[in-house]
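Q: Here is the input, now give the coordinates:
(chains A and B)
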Amino acid sequence: MKRLIISFLILAAIVTTSVYTLSAFDKANHTLVSYVERAEELYKQNKTDLAEEELTRLNRFWSDYYNLASYIVQSTKLEEVAQSISKLKALMGKDEFLSECESIKYGVRLIYDSEYPYLHSIL
Amino acid sequence: MLIIFLRAFILYVLVIFSVRLMGKRQIGELQPSELVITILVSNIATLPIEDINLPILTGIIPIVSLVCFDVIMSSVTLKFKKVRRIVSGNPRIIVINGKIDQVAMKQLRYSLDDLMESLREQGIFDITEVQYAIVETTGKISVLQKKDYQPITLDIVENKNSASTNPPQVIIDDGVIIKKALDVLGLNDKWLNGVLNKNKVKAKDVFMLSSDEDKNYTLIKKDH
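A: Modelled structure (predicted):
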């Protein structure tokens, strides 16, 4: 009986932690995407100084995000986004800046989707 | 390198804990489903140790979940006989009184070589010496030799006139009466009620009642 109770408790803890992590992950994703979108907007308005400040904030946020995500996501997936983020400042003033922003948003969404229990992911 | 070492240590502790949670059973006594779980656990544990790109949680969560599912399933099968039959199957008799049940052998996909090998392992080289051979749910074969071939024991000497050659059958299993066993032994409800009345107990309060054809029975009451 003791084993049974321990098993149920462990399973409940796993499910609770998973749901909590997923929601925290979702929230972090929204924040990250909003940083990228703000940087994109400022860049389009030619406010490059403000856009650069936004990118600094994005970089800072990314390190926290990376720490959270690395517990559950394969590091290779995260490194692809990390590379794109690290390139952003250098791409300011070039055509690739906006496409790199898009690829970051897409990459982050892919990471979240890979963790979300969609039917197709489960099967 | 240090990462791999630390991961190996964490997973080692986890596997030890998991095996402990699964309970004490030796490899040969594992049900097929338990054996599969054990192999799965060892397989999953190697993945995050070898590949540091994988988060260690991708190893920990499936291992812990599988072990918990196994513990829950064990408890369910303990409580519900029907579930136990679905999960573990039933023991099957493949030799009765020296005669091989070929249909049962085919259904179990047991070859004659498998049977003879198991008999030889138990020191029996002639199939005609076998009274009963039963394939247990674990896949092991249990053999009862005919009385003439059994080593002499005090019990055999004292009961030399006993007609019973078949092993005792379980008639009540955890409060549930097994009618089939009564039929096999040629006993009836009247005899069963007599035994229960004599012991001042109801069938639902009996943990185990077994008997042979000579009506020599063993009754164990439930503890609670």
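Q: you'd agree A:Glu115 is up against A:Gln74?
A: No. Contact criterion Cβ atoms under 8 Å: A:Glu115 and A:Gln74 do not qualify, at 10.4 Å. For every residue, glycine as well, the C-beta is placed using N, CA and C.
Q: Identify the contacts common to the two.
A: Counting by Cβ atoms under 8 Å, 6 or more residues apart in numbering or on different chains, A:Glu115 and A:Gln74 have no common neighbour.
Q: Can you name the residue of chain A nearest to chain B?
A: Nearest to chain B in chain A, going by Cβ to the nearest Cβ, is A:Ser7, at a distance of 3.8 Å.
Q: Please identify the helix or strand for A:Ile111.
A: Counting by DSSP states H and E, the element that carries A:Ile111 is helix A:96-115.
Q: Go through that helix and flag the buried ones.
A: A:97, A:100-101, A:103-105, A:107-108, A:111-112, A:115 (16 or more other Cβ atoms under 10 Å in any protein chain shown).
Q: now swap in stretch B:193-200 and tell me
A: B:195-196.
Q: same deal with stretch B:10-30?
A: B:10-11, B:14-15, B:18, B:21-22, B:30.
Q: Just give me the closest of these to chain A.
A: Closest to chain A out of these is B:Leu21 (6.1 Å), distances taken as Cβ to the nearest Cβ.
Q: Tell me if that closest one really is in a helix.
A: Yes. With DSSP: H, G, I helix; E, B strand; the rest coil as the criterion, B:Leu21 is part of a helix.
Q: Find the nearest non-adjacent residue to it, please.
A: Nearest non-adjacent residue to B:Leu21, counting by Cβ to Cβ, 6 or more residues apart in numbering or on different chains: B:Val67, 5.3 Å away.
Q: Downstream of the host helix or strand of A:Thr21, the next helix or strand is which one?
A: Assigned by DSSP H and E, A:Thr21 falls within helix A:2-44. Next helix or strand after helix A:2-44 toward the C-terminus (DSSP H and E): helix A:48-69.
Q: what are the C-alpha coordinates of that next one, in CSV please?
A: Provided in CSV are the C-alpha atoms of helix A:48-69 (Å, rounded to 0.1, in the frame of the first residue of the first chain):
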residue,chain,number,x,y,z
THR,A,48,18.4,51.7,-34.1
ASP,A,49,19.6,52.9,-30.7
LEU,A,50,16.4,51.9,-29.1
ALA,A,51,16.3,48.7,-31.1
GLU,A,52,19.8,47.8,-29.8
GLU,A,53,18.7,48.4,-26.2
GLU,A,54,15.8,46.1,-26.8
LEU,A,55,18.2,43.5,-28.2
THR,A,56,20.4,43.8,-25.1
ARG,A,57,17.3,43.1,-23.0
LEU,A,58,16.5,40.2,-25.3
ASN,A,59,19.9,38.7,-24.8
ARG,A,60,19.6,39.0,-21.0
PHE,A,61,16.2,37.4,-21.1
TRP,A,62,17.5,34.7,-23.4
SER,A,63,20.0,33.5,-20.9
ASP,A,64,17.2,33.0,-18.3
TYR,A,65,15.0,31.3,-20.9
TYR,A,66,17.9,29.0,-21.9
ASN,A,67,18.3,27.9,-18.3
LEU,A,68,14.6,27.0,-18.0
ALA,A,69,14.4,25.4,-21.4
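Q: Is any residue of it near chain B?
A: No. Figure legend: helix A:48-69 not in contact with chain B (Cβ under 8 Å from any Cβ of the partner chain); closest approach 9.0 Å.
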